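Chemist: Sequence and computational prediction follow.
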Amino acid sequence: MADRDLMDQEEIHSKVLRAGRRTYFFDVRSTKAGDYYLTITESKKFTHDDGTFHYKKHKIYLYKEDFTAFKENVEEMMDFIINEKGSEVISERHQKDFKKEEEISNNQESTPSENFTDVSFDDI
């Protein structure tokens, strides 16, 4: 318990990002030598059937010597995602009319699309 109290005392600066069931904590902390490092914590809320809940947490410790490479990799991955998929969020959680690819292909096999017109190339 004393270690936890010591960790709380070493916290220098914090920022919180709430994102649905997830909360991200960005904390600047101090080492024993007085240098700073960053912790990034993802906390995700899980609710049980009886209404009680618990949190699962994952933490990354990021030290100054890794800042440049970490930032470059994160930016590269974010740019890749935006370039490949755009900035629109595509998920059933964020879009009420979202349909999984499986559902779309299953529906197309069982029922013809309403937007499809049966055209013969001889007609063209």
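Modeler: Noted; the coordinates are in hand.
Chemist: number of nearby residues for Phe46?
Modeler: If you count neighbours by other Cβ atoms under 10 Å, Phe46 ends up with 10. To be clear about C-beta, it is placed using only N, CA and C from the backbone, and glycine gets the same treatment.
Chemist: my bad, Val74
Modeler: Val74: 10 neighbours (other Cβ under 10 Å).
Chemist: heads up, I number from 29, so please use that
Modeler: Right, with 29 as the first residue, what we last looked at is Val102.
Chemist: Give me the contacts around the strand or helix carrying it.
Modeler: Per DSSP states H and E, Val102 falls inside helix 95-113. Helix 95-113 is contacted from outside by Leu66, Leu90, using Cβ atoms under 8 Å, 6 or more residues apart in numbering.
Chemist: go again using 6 Å as the cut-off
Modeler: Leu90 (Cβ atoms under 6 Å, 6 or more residues apart in numbering).
Chemist: go on, stretch 84-92?
Modeler: Identification of contacts with stretch 84-92 by Cβ under 6 Å, 6+ apart yields Tyr65, Leu66, Thr67, Ile68, Thr69, Glu70, Ser71, Lys72, Phe98.
Chemist: can you do 8 Å?
Modeler: Here stretch 84-92 makes contact (Cβ under 8 Å, 6+ apart) with Asp63, Tyr64, Tyr65, Leu66, Thr67, Ile68, Thr69, Glu70, Ser71, Lys72, Phe74, Phe98.
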